[in-house]
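>>> Following is a predicted model, sequence given first.
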Amino acid sequence: MELQIDIEMKNTIKVQRAILNITQEELAQKIGVSRQTISSIEKNKYVPSTVLALKLSQLFEKPVNEIFELEEED
């Protein structure tokens with residue numbers, strides 16, 4: 001019997017946006033996605049591509065693992 005572990009990804013995008021004092025729309029424009037994409041990522045409903053994660057990392061000047069964190073669920 002295999003134990004299946006669900007993994008979710010948390011992120012700090014909303015906090016990072018607050019630090020820079022930018023809206024979802026402004027962030028979306030800076031990295032070339034829609035505001036809805038930013039909203040979905042913030043709500044953990046969408047996992048961004050590696051390229052998108054790296055763009056966010058570069059914009060926020062933080063390592064990817066400070067913005068995104070894997071979280072295991074039983």
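Received it, and whenever you're ready, just let me know what you need.
>>> residue ranges of the strands in the chain, please?
For the chain, the strands defined by DSSP state E occupy 6-11, 68-73.
>>> okay if I get these as JSON lines plus mean neighbour count, distance to residue 25 and mean pLDDT?
Backbone N, C-alpha and C define where each C-beta goes, glycine included. Shown next, in JSON lines, are the strands of the chain (neighbours: other CB atoms under 10 Å; distance: least, CB to CB, whole Å; pLDDT from 0 to 100):
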{"stretch": "strand 6-11", "mean neighbour count": "12", "distance to residue 25": "18", "mean pLDDT": "83"}
{"stretch": "strand 68-73", "mean neighbour count": "11", "distance to residue 25": "21", "mean pLDDT": "84"}
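>>> wait, which of these is closest to residue 43?
Taking CB to CB as the criterion, residue 43 comes closest to strand 6-11 out of the strands of the chain, the separation being 9.7 Å.
>>> just the angle between the longest helix along the chain and strand 68-73, please?
The longest helix of the chain (DSSP state H) is helix 50-60. For helix 50-60 against strand 68-73, the angle by axes from the mean of the first three to the mean of the last three CA atoms, to 10 degrees is 120 degrees.
>>> Show me which positions of helix 50-60 end up buried.
52, 53, 55, 56, 57, 59, 60 (16 or more other CB atoms under 10 Å).
>>> Number of residues surrounding residue 21?
Per other CB atoms under 10 Å, the neighbour tally for residue 21 reads 7.
>>> for residue 13, same thing?
As a measure of burial, residue 13 has 19 neighbours, counting by other CB under 10 Å.
>>> ditto for residue 24
Applying other CB under 10 Å, I find that residue 24 has 18 neighbouring residues.
>>> Could you find the closest non-adjacent residue to it?
Of all residues not flanking residue 24 in the chain, residue 38 sits nearest, at 4.4 Å (CB to CB, 6 or more residues apart in numbering).
>>> likewise residue 68?
Leaving out its chain neighbours, residue 68 is closest to residue 11 (CB to CB, 6+ apart), at 5.0 Å.
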